[in-house]
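Peer 1: Provide a 3D model corresponding to the input given below.
(one chain, ligands or ions: 1)
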Amino acid sequence: MIVAPQFKAFNPPRRILMGPGPSDIYPQVLAAQSKPTVGHLDPLFVGMMDELKTLIQYAFQTTNEMTVAISAPGSAGMEACFVNLVEPGDKVIVCRNGVFGERMRQNVVRIGATAVVVDNAWGEPVNVADVEAALVAHPEAKFVAFVHAETSTGALSDAKAICEVAKSHDCLTIVDAVTSLGGSELRVDEWGIDAIYSGSQKCLSCVPGLSPVSFSPAAVAKLQARQTPVQSWFLDQSLVMGYWSGDGKRSYHHTAPVNALYALHESLRLLAQEGLEQTWKRHQAMHQELKVGLQQLGLTFVVDEASRLPQLNTVYIPSGVNDAQVRQQLLERYNLEIGAGLGDLAGKAWRIGLMGYGARRENIALCLKALADVLQ
Ligand SMILES: *Cc1c(COP(=O)(O)O)cnc(C)c1O
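Peer 2: Below you'll find the predicted structure:
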């Protein structure tokens, strides 16, 4: 008999989350999550899911029918886009300018497809001319995949221009919008994006664990014309859609994370209430404020102003400063979390997030005061 462990209930402190995600969560979203659980086929819940779908369509600026929230984090959204569309033997142009582009490549390879990698330096956006050159060199390529907002570096790529060149070579586009959704301008239909995924815990300021995705009619046609079944049963969108739509006779696919979906509904409702364009403006304005303060502290940015993400500020760690010690002191003295560098930037940079509810004056003031204190 294993002895029953006796623990106190877990009581986390209230941290200020200014890293690469999870971000500060709207109080209303936390409250929404604790409302009573109903059955996931309850008519009231189904009505809520219809609203949720409309809200996701608004956030993505799309009328795509196949628009849902996957019951798993952004990484599952990424995998869903790849496994549904890409078949063994397909060729995919993968743009890699940070950690998440590399993960896209790994998804392609695991499917048994071929990845043609277009590399750009960490901290730089995807170079559109390089993408065009790869398309010319590989006319049989069927997809172009790229990360809109590279959270590992803080660089924003020109999604509209990349989609334009992909379309001119008859390719479908697969776009990572985990950090861009709700923080940077993003127009799925207007820009011709075919498959897109995001995450709940970045600029949507919702609880982690959900991934809004959307597939264009062309992507759905590709899915329907597959020669082989989708290798993942759970992520097969043709099965998932039986639960998310299905005209009054929705069928059980998996148990939806009911309360987490309440939270997403609330965070997207708040986004719609503020208005997308206003939200993009707020992130930009808050970034400007933070930028001035960081520069006064002598910190310099990794990414050029022209392609800098407002919601993720990557700055070099000054020489002689102990990275881990600073972050630990911020956490202990100020309950403030900022992000460490990732991959090529590990130990060299900090990533300061201004995402969703976190993109506000009080957070900036606290962050600048805390950094000034700890860096002294
Ligand atoms: C956070 C992130 C992911 C992964 O999302 P998870 O929810 O952590 O699985 C993918 N791409 C980008 C650009 C991200 O920032």
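Peer 1: give the closest residue to the closest residue to the ligand within the chain in space, chain neighbours not counted.
Peer 2: Nearest residue of the chain to the ligand (CB to the nearest ligand atom) works out as residue 74 at 2.5 Å. Heads up, the C-betas are built off the backbone N, CA and C, glycines and all. Nearest non-adjacent residue to residue 74, counting by CB to CB, 6 or more residues apart in numbering: residue 199, 3.2 Å away.
Peer 1: need the contact list for that neighbour.
Peer 2: With contact taken as CB atoms under 8 Å, 6 or more residues apart in numbering, residue 199 is in contact with 21, 73, 74, 77, 178, 179, 181, 208, 210, 211, 212.
Peer 1: would you mind listing what in the stretch 1-150 of the chain touches the ligand?
Peer 2: Residues of the stretch 1-150 of the chain lying close to the ligand (CB under 6 Å from any ligand atom) are 21, 73, 74, 75, 78, 100, 147.
Peer 1: what subset of these is buried?
Peer 2: Neighbour-count burial (16 or more other CB atoms under 10 Å) applied to those gives 21, 73, 74, 78, 100, 147.
Peer 1: and the two most separated of the residues you listed?
Peer 2: 73 and 147 (15.6 Å; CB to CB).
Peer 1: just the helices in this structure please.
Peer 2: Under the criterion DSSP state H, helices of the chain are mapped to 27-33, 43-60, 74-85, 99-111, 128-137, 159-168, 188-191, 217-224, 237-244, 258-274, 276-296, 323-334, 361-375.
Peer 1: which stretches of the stretch 101-250 of the chain have low pLDDT?
Peer 2: For the stretch 101-250 of the chain, applying pLDDT under 70 flags the ranges 246-248.
Peer 1: can we see that at 90?
Peer 2: 239-250 (pLDDT under 90).
Peer 1: tell me the contacts of the spatially closest residue to residue 220 that is not a sequence neighbour?
Peer 2: The spatially closest residue to residue 220, leaving aside those adjacent along the chain, is residue 66, at 5.4 Å (CB to CB, 6+ apart). For residue 66, the contact set (CB under 8 Å, 6+ apart) comprises 214, 215, 219, 220, 237, 241.
Peer 1: can I get those residues in CSV with distance to residue 323 and neighbour count?
Peer 2: CSV is the format used below for the contacts of residue 66 (distance: CB to CB, whole Å; neighbours: other CB atoms under 10 Å):
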residue, distance to residue 323, neighbour count
214, 38, 30
215, 40, 29
219, 41, 24
220, 46, 20
237, 41, 23
241, 45, 18
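Peer 1: from the residues you listed, pick the one nearest residue 289.
Peer 2: Here the nearest of the contacts of residue 66 to residue 289, counting by CB to CB, is residue 214; it sits at 32.3 Å.
Peer 1: excluding its backbone neighbours, what's nearest the closest one?
Peer 2: residue 67 (4.2 Å).
Peer 1: returning to what we had before: what is the nearest of the contacts of residue 66 to residue 110?
Peer 2: When the contacts of residue 66 are compared for distance to residue 110, the smallest value, 17.9 Å, is given by residue 237; criterion: CB to CB.
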